[in-house]
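> From the sequence below, what's the structure:
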Amino acid sequence: MKTLLTGGTVVSMDPAVGDLDRGDVLIEDGVIVAVAERIAAPDAEVIDATDRIVMPGFVDNHRHSWQTAFRGVGADWTFPEWALAMHGTVKPHYQPEDVYVGTLLGRLEALHSGVTTMLDWYHVAQTPEHEDADVAALRDVPGRSIFCLGAGWATPDPVDTAIRRVRAELADGGLVTMAWGLRGPEDTSMDTLAGELKLAAELGLRTSLHTVSDGAQRPVADLHEHGLLRDTTTYVHANGISDEELRMLADAGSSISISPDVELKMGFGNPMTGRALAAGLRPTLSVDDVPSVGGDMFSTLRTAFAVQRGLDGGLNSRDLLEFTTIDAAASCGLEARTGSITPGKDADIILLRADDITVFPVTDPAATIVSHGHPGLVDTVLVAGRVVKRDGALVGVDLPTLKTRLTASRDRVAAAAGVPLDRTWRPQPAAK
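Below is the predicted model of the structure:
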């Protein structure tokens with residue numbers, strides 16, 4: 001099957017392909033086969049991309065979709081308040097159905113806003129049935145997803161059995177694959193962490209690890225001292241990490257995922273974008289959690305850009321698009337398959353409206369995407385060549401029914417947890 005995207009403004013994110021003011025993209029059997037100013041393909045299905053910006057889909061390498069039912073409730077919360085509410089209060093009451101519907105809506109939201117690849121950082125682990133519910137939700141959404149299993153979250157418990165079980169389940173190499181959400185050394189020993197990294201390598205799993213420092217701790221240096229830095233690990237946030245430690249990550253070939261909206265709102269400190277670049281790391285960007293912030297990459301781009309420009313005047317629009325496409329794909333080990341409009345890669349492509357009143361006239365497409373972009377511009381989404389959003393609407397999705405299920409899930413969990421679903425809900429962490 002052939003599909004021809006014709007007449008769009010192509011922002012390929014591949015220096016060898018470049019950008020085209022007017023270009024065509026030919027897709028065959030889900031793979032990009034040609035990009036040029038004009039392509040003759042009389043036997044292809046034609047998608048008119050006139051007045052559209054054609055770009056690779058966004059890659060979000062760190063999001064906790066299980067929390068989607070509680071969207072917006074934590075907009076005013078600090079990190080301790082969020083941790084108490086989500087992990088200490090509501091999570092114990094989550095049933096597999098709650099995990100399923102939250103993840104389903106969260107992944108659909110991301111797809112709707114142009115995120116063709118998403119790493120779902122799962123840390124609501126309670127039973128195998130909960131894990132299976134998350135995987136089932138990801139499989140029921142036609143996006144490219146990575147189930148990042150944070151087994152045994154915030155405990156020192158052995159997790160090898162859970163990891164091996166889910167790895168066997170996701171061994172078919174389809175659109176849903178697996179990564180391992182590691183616990184930090186504050187939750188488990190260095191010896192255990194070493195064993196888990198060894199198992200991850202044995203199973204062919206990339207890993208992701210949350211880490212933040214207040215300046216007194218040196219978490220990356222500690223891992224370096226024990227020989228535990230890997231080029232297959234993404235470090236999430238990394239606020240407060242020293243320049244020396246950032247260079248350690250760069251030397252190891254590790255990656256870093258920055259969630260600027262959450263980090264600024266919850267008091268983690270300034271995002272590490274500029275400092276990471278200075279140390280030789282290519283930053284990537286992620287949403288993190290929607291109880292606190294919006295679930296689209298456009299707002300994430302804008303926050304990261306504004307903050308870093310305010311700090312040192314560095315970065316440009318193209319840098320930000322690289323962070324959320326080809327660089328993020330590389331952090332997931334998927335740069336050979338996605339992240340740019342390159343012949344030979346899977347056709348993970350989005351079409352953004354360039355005729356919308358909020359963006360026209362478009363003079364510089366990259367600058368327009370970063371400075372003015374929003375989910376309402378996402379007209380068409382393709383994943384591996386399949387059209388999953390057309391004319392601004394997700395294909396084959398019964399949103400009214402899903403909305404009813406998600407609301408019922410939220411109300412049930414809140415009632416079981418004894419929390420009010422209004423502005424009076426302000427978790428109070430215990431005083432130190």
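> residue contacts, the residue nearest in space to the middle of the chain?
The residue lying closest to the centre of the chain (CA atoms, centre = their mean) is D60, at 2.0 Å. Taking CB atoms under 8 Å, 6 or more residues apart in numbering, we find D60 in contact with 110, 115, 117-119, 285-287, 297, 324, 328. All C-beta spots, glycine's among them, are computed from the backbone N, C-alpha and C.
> Also C332?
Shown in contact with C332 (CB under 8 Å, 6+ apart): 59, 61, 117, 119, 146, 179, 206, 234.
> Name the nearest of the residues you listed relative to T155.
The closest of those to T155 turns out to be A179 (CB to CB; 19.3 Å).
> What is the burial count for that closest one?
25 (other CB atoms under 10 Å).
> Check I27 too.
With other CB under 10 Å as criterion, I27 counts 25.
> which SS state does it fall under?
strand (DSSP: H, G, I helix; E, B strand; the rest coil).
> Output the contacting helices and strands for the host helix or strand of D411.
Here D411 sits within helix 399-417, counting by DSSP states H and E. Packed against helix 399-417, as judged by 3 or more CB pairs under 8 Å, 6 or more residues apart in numbering; DSSP states H and E, are the following elements: helix 96-112.
> I'd like the average pLDDT over the helix it packs on.
What helix 96-112 shows for mean pLDDT is 98.
> follow-up on the earlier one: give the next helix or strand downstream of the strand or helix carrying the residue nearest to the centre of the chain.
Counting by DSSP H and E, the element that carries D60 is strand 58-63. Note on strand 58-63: by DSSP H and E, the next helix or strand toward the C-terminus is helix 79-82.
> Show me what the mean pLDDT comes to for that next one.
Averaging pLDDT residue by residue across helix 79-82 gives 94.
> Next: stretch 21-39.
Computed over stretch 21-39, the mean pLDDT rounds to 98.
> Buried residues, that stretch. List them.
23-28, 32, 35, 39 (16 or more other CB atoms under 10 Å).
> which two in those are spaced the farthest apart?
Using CB to CB, the buried residues of stretch 21-39 span at most 16.9 Å, a distance reached by G23 and E28.
> what residues are up against the closest residue to M178 other than its chain neighbours?
In this structure, M178 finds its nearest non-sequential neighbour in L170, 4.5 Å apart by CB to CB, 6 or more residues apart in numbering. Counting by CB under 8 Å, 6+ apart, L170 makes contact with 135, 147, 176-178.
> Between the buried residues of stretch 21-39, which sits nearest M55?
Nearest member of these to M55, counting by CB to CB, is V25, at 10.5 Å.
> Tell me how far the closest one lies from G385.
10 Å (CB to CB, to the nearest Å).
> and T3, that's in a strand?
Yes: counting by three-state DSSP, one finds T3 located in a strand.
> for it, which residues make a bridge with it?
I27, E45 (DSSP bridges).
> Neighbours of it, how many?
When neighbours are counted by other CB under 10 Å, T3 comes out with 22.
> was I right about it contacting D29?
No: assessed by CB atoms under 8 Å, T3 is found out of contact with D29, at 9.8 Å.
> shared neighbours of those two, which are they?
With CB under 8 Å, 6+ apart, T3 and D29 have common neighbours G385.
> ok so, going back, same list, the contacts of D60, but as JSON lines with distance to A354 please.
Shown next, in JSON lines, are the contacts of D60 (distance: CB to CB, whole Å):
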{"residue": "A110", "distance to A354": "22"}
{"residue": "V115", "distance to A354": "20"}
{"residue": "T117", "distance to A354": "23"}
{"residue": "M118", "distance to A354": "25"}
{"residue": "L119", "distance to A354": "29"}
{"residue": "L285", "distance to A354": "23"}
{"residue": "S286", "distance to A354": "26"}
{"residue": "V287", "distance to A354": "24"}
{"residue": "M297", "distance to A354": "18"}
{"residue": "T324", "distance to A354": "19"}
{"residue": "A328", "distance to A354": "24"}
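> Of these, which belong to strands?
Counting by DSSP state E, the part of these found in strands is 115, 117-119, 285.
> which residues touch L26?
2-5, 32-35, 39, 41, 44.
> same question, I27
Taking CB under 8 Å, 6+ apart, one finds 2-5, 33, 347, 382, 385 in contact with I27.
> quick one on the thing from earlier: please identify every residue contacting each of V25 and G385.
A347.
> thinking again about what came up before, tell me the one of the contacts of C332 nearest G396?
Distances from G396 to the contacts of C332, taken by CB to CB, are shortest for T117, at 20.0 Å.
> Neighbours of R386, how many?
Neighbour count for R386, taken as other CB under 10 Å: 16.
> What's the separation between the nearest residue to it once chain neighbours are set aside and V115?
In space, and not counting its chain neighbours, R386 is closest to P142: 6.2 Å by CB to CB, 6+ apart. In this view, P142 and V115 are 13 Å apart by CB to CB.
> Likewise for R183?
26 Å.
> Compare these two and say which is more crowded by neighbours.
Ranked by neighbour count (other CB under 10 Å), R183 and V115 place V115 first, with 29 against 23.
> if I pick the more buried one, what's in contact with it?
Contact partners of V115, counting by CB under 8 Å, 6+ apart, are 57-60, 143, 296-297.
> repeat that with 6 Å
58, 60 (CB atoms under 6 Å, 6 or more residues apart in numbering).
> How about I326, nearest residue that isn't a chain neighbour?
Per CB to CB, 6+ apart, closest to I326 is G339, 4.0 Å.
> whoops, I mixed them up, V220
E245 (3.7 Å).
> That neighbour: which element?
helix 243-252.
> and that helix, average pLDDT?
98.
> Can you list the strands that the next helix or strand after that helix pairs with?
Sequence order places strand 255-258 as the next helix or strand after helix 243-252, per DSSP H and E. According to DSSP bridges, strand 255-258 forms sheet pairs with strand 233-237 (parallel), strand 283-285 (parallel).
> among those, which is the most enclosed?
strand 283-285 (a mean of 28; mean count of other CB atoms under 10 Å).
> So which residues make contact with it?
61, 256-258, 273, 276, 300, 304, 323-324, 327-328, 331.
> per-residue confidence at D422?
The model's pLDDT for D422 equals 89.
> how much space between it and S189?
43 Å.
> more neighbours, those two?
S189 (10 against 7).
> Name the nearest residue to the more buried one, sequence neighbours excluded.
P156 (7.2 Å).
> right, and the one you found touches T188 too?
Yes: using CB atoms under 6 Å, P156 is in contact with T188, at 4.8 Å.
> Comparing the two, which residue is more hemmed in?
Of the pair P156 and T188, T188 is the one with more neighbours under other CB under 10 Å, namely 20 against 11.
> and that one, what does it touch?
Contacts of T188 (CB under 6 Å, 6+ apart): P156.
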